[in-house]
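Visitor: Sequence first, predicted model second:
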Amino acid sequence: QVQLVESGRGLVQAGGSLNLSCAASGLTFSAYNMAWFRQAPGKEREFVAAIRWSGGYLYYADSVKGRFTISRDNAENTVYLQMNSLKPEDTAVYYCAATGRWSVAVQGMDYWGKGTLVTVSS
């Protein structure tokens, strides 16, 4: 059974930083491309960042480019999202996802975590 478990939820002030982790099990982690999505209250789930299985290619939404960094450790079956210069509009539930193909679309993901809440106060 595939499990993706996010951690690192928190409340931070605008301008602060937070690091999210996603631990994967039940799949060959090094064979999957990984992504982070987020969903704010009353809004649709949106793409945040993605990383190829090898870690050799990264892709970001324009809204987080230059502030967020995605990385992975295939030996630890974990993907990370370092978030800096946080803004109130970054407040959302953040989801980790895995896909066997390269995709940045919600529909393109094969597996999802349950999400972790990030709240940024102004």
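Guide: Nice, thanks for sending it over. Residues are numbered from 1 along each chain as shown.

Visitor: can you pull out the strands in this structure?
Guide: 3-7, 10-13, 18-25, 33-39, 46-51, 58-60, 68-73, 78-83, 92-99, 111-112, 116-121 (DSSP state E).

Visitor: looking at these, which one has the lowest mean pLDDT?
Guide: Least confidently modelled of those is strand 10-13, at a mean of 92 by mean pLDDT.

Visitor: Show me how far it is from its chain's centre.
Guide: Distance, stretch centre to chain centre, for strand 10-13: 17 Å (CA atoms, centre = their mean, to the nearest Å).

Visitor: CA atoms only: put that strand into PDB for me.
Guide: Only the C-alpha atoms of strand 10-13 are listed here, as PDB (Å, rounded to 0.1, in the frame of the first residue of the first chain):
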ATOM      1  CA  GLY A  10       3.000  25.300  11.100                       C
ATOM      2  CA  LEU A  11       2.000  28.900  11.700                       C
ATOM      3  CA  VAL A  12       4.600  31.400  10.600                       C
ATOM      4  CA  GLN A  13       4.700  35.200  10.200                       C
END
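
Visitor: List the buried residues of stretch 111-122.
Guide: If you call a residue buried by 16 or more other CB atoms under 10 Å, then stretch 111-122 has these buried ones: 111, 112, 113, 115, 116, 118, 120. Every residue, glycine included, has its C-beta placed from N, CA and C.

Visitor: circling back: which of the strands of the chain sits closest to residue 105?
Guide: Minimum separation from residue 105 across the strands of the chain (CB to CB) falls at strand 46-51, 7.2 Å.

Visitor: can you redo the strands of the chain as CSV with distance to residue 105?
Guide: Formatted as CSV, the strands of the chain follow (distance: least, CB to CB, whole Å):
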stretch, distance to residue 105
strand 3-7, 17
strand 10-13, 28
strand 18-25, 18
strand 33-39, 9
strand 46-51, 7
strand 58-60, 12
strand 68-73, 16
strand 78-83, 18
strand 92-99, 9
strand 111-112, 13
strand 116-121, 21
